[in-house]
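# Sequence first, then the predicted structure, then my questions.
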Amino acid sequence: MEKQYKTIGEDAWKNNVEKVNAELFIFTYGSLVVQLVKDYEDYAAVNKQLDKMGYNIGVRLVDDIMARTSLERCSGFTATAEVISKVGFKLFLNVAPSVASWSADGKEFSLIVDDNPLNDFCELPPKAVQDGLWYSNVLCGVIRGALEMMQMQTEVEFVRDVLRGDDTSEIRVRLLRMLDEEVPASDD
Amino acid sequence: MSATYYFAIVGTNDSPLYEAEFGVQRDESKYLNQFVVHAALDLVDDAQFMSNACYLKTVDRYNDWNVSAYVAPSNTRLMLLHEAKADEAIRLFFTDCHELYLKTLLNPFYESNSPIQSQTFDAKVNTLAKKHLL
């Protein structure tokens, strides 16, 4: 099963994805974050904005994934985690974070991002580390947005980041509840 | 070895971005170092148009000090005060430092022409100095 997602991700990455110059992408994201820091002057607010941006990206990107790959409905949250890593991250960032530290009830897992491309060239000033800036917080928003479109309400947050001196970057994903299919209110 | 080196990076508006001393520290020369390097900037300005290379070799002399310079394309200048002549070693040191400076410049949180406060940068420059100079 796991293998299958890996192949889907790699095939799609090879054949169906438009590539963009990595430096252009990294610098664009870098200047975006720095501009947010300048505008908000508060790192917590920047984290929030990045998450919001990510959410808006995520709700769109998930459709894109569906269009480019022949994914079927996931059998469970475990499969979802694999798809996020092997297909989602692979397709847009060309990395496949490992899924780890499942909680006992199977509703919480961590994505260990060993090589986060957004981190390239970046070195956080001490003040940002101290005040808790999560540089790649946009990723959390993306995951949250994408899962919400798949009827899963989640909480996603960074718990470790190499840019802050940790040995690895870790994103924690927590499933809150499955959303029910809702009938639009104006349809009757 | 008893060699002393003073290294400074000077921004485009002649303000110091970074400075470091390697080897034996001399208390009496702290301010003198800055003074000598600053005085040499004019000579760098003259010398940079005589050559196509970034590395300008020794541009100035003050008592037993030599001042070597390296002009980056952005007109940021790397300056080194040294006693012994060692063109090739210094050229390698400058080239590596230039690369290091570029990496710093690529960091989105670094504003160009502002002082370099990164400790990683400092550590790496010191390693380079050990490798090429000391």
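Perfect, I can see it now. Every value quoted in this text rests on a predicted model; they were computed, and no experiment measured them. Numbering: from 1, shown residues only, chains lettered A, B, ... in the order given.
# Report pLDDT for the nearest residue to A:Met149 once chain neighbours are set aside.
Leaving out its chain neighbours, the residue that sits closest to A:Met149 by CB to CB, 6 or more residues apart in numbering or on different chains is A:Val62, at 4.7 Å. For the C-beta atoms, the positions are set from N, CA and C on the backbone; glycine is no exception. Residue-level confidence at A:Val62 comes out at 88, pLDDT.
# ok now the helix or strand harbouring A:Val62, how far from the chain's centre?
Secondary structure here is read from DSSP states H and E; on that basis A:Val62 sits in helix A:43-68. The gap between the average C-alpha position of helix A:43-68 and the chain average comes to 8 Å, counting by CA atoms, centre = their mean, to the nearest Å.
# now for that helix, which elements pack on it?
helix A:22-40, helix A:90-93, helix A:138-149 (3 or more CB pairs under 8 Å, 6 or more residues apart in numbering or on different chains; DSSP states H and E).
# now could you export just the CA positions of the shortest one as PDB?
It stands for helix A:90-93. These are the backbone C-alpha positions of helix A:90-93, laid out as PDB (Å, rounded to 0.1, in the frame of the first residue of the first chain):
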ATOM      1  CA  LYS A  90       6.500  14.900  -3.300                       C
ATOM      2  CA  LEU A  91       4.400  16.700  -5.900                       C
ATOM      3  CA  PHE A  92       4.900  20.200  -4.800                       C
ATOM      4  CA  LEU A  93       8.200  20.200  -2.900                       C
END
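# hmm, who's touching it?
Applying CB atoms under 8 Å, 6 or more residues apart in numbering or on different chains, the set of residues contacting helix A:90-93 from outside is A:9-10, A:12-13, A:17, A:61, A:65, A:68-69, A:96, A:116-118.
# So what's the residue count around the residue in chain B positioned nearest to chain A?
Using CB to the nearest CB, the closest approach of chain B to chain A is made by B:Pro108 at 2.9 Å. If you count neighbours by other CB atoms under 10 Å in any protein chain shown, B:Pro108 ends up with 21.
# Please give the centre-to-centre distance between the longest helix seen in chain B and its chain.
Longest helix in chain B by number of residues, with DSSP state H as the criterion: helix B:87-106. Going by CA atoms, centre = their mean, the spacing between the C-alpha centre of helix B:87-106 and its chain's C-alpha centre is 9 Å.
# residues of the helix holding A:Val62 that come out buried?
Neighbour counts using 16 or more other CB atoms under 10 Å in any protein chain shown place A:43, A:46-47, A:49-51, A:53-55, A:57-59, A:61-62, A:65, A:68 of helix A:43-68 among the buried residues.
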